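Student: Need coordinates for the below:
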Amino acid sequence: MPSTVVINAEQRAQIKEIVCDILEIEPADVTDTSLFKEDHNADSLGAIEILSSLERTFNAEIDQAELTRMVNLDGVVQVVEEALAK
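Tutor: Model prediction:
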């Protein structure tokens, strides 16, 4: 059975802060399910910057293939949880 890691509220806030800083979005405008590209006009370069920043912040390796799942805050949190569980 694979181990699971659950992101706590503080870590989730940290992830949201990284996303908002990189995408230049007001935190109040981002919900757990708002789509970065469609709702906030994010580009693919921003997604790569987010991935890189998350890797540094959480000392985890995240495969670039996971970018396809990192479309909203919930998706990013799930990817980070899985990376930390490895």
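Student: show me the residues around residue 20 that make contact.
Tutor: 26, 27, 30 (CB atoms under 8 Å, 6 or more residues apart in numbering). All C-beta spots, glycine's among them, are computed from the backbone N, C-alpha and C.
Student: Centroid-nearest residue for the chain?
Tutor: Centroid-nearest residue in the chain, with CA atoms, centre = their mean: residue 76, separated by 3.0 Å.
Student: can you pull the contacts of that one?
Tutor: 15, 19, 50, 54, 70.
Student: if I look at it, how far off is residue 57?
Tutor: 12 Å (CB to CB, to the nearest Å).
Student: quick one, helices of this protein?
Tutor: 9-23, 36-40, 44-58, 73-85 (DSSP state H).
Student: Run a quick neighbour tally on residue 51.
Tutor: 20 (other CB atoms under 10 Å).
Student: hmm, who's touching stretch 36-48?
Tutor: Residues contacting stretch 36-48 (CB under 8 Å, 6+ apart): 19, 22, 23, 25, 29, 30, 34, 64, 67, 70, 71, 72.
Student: who wins for most neighbours among these?
Tutor: residue 19 leads the contacts of stretch 36-48 on contacts (other CB under 10 Å) with 26 neighbours.
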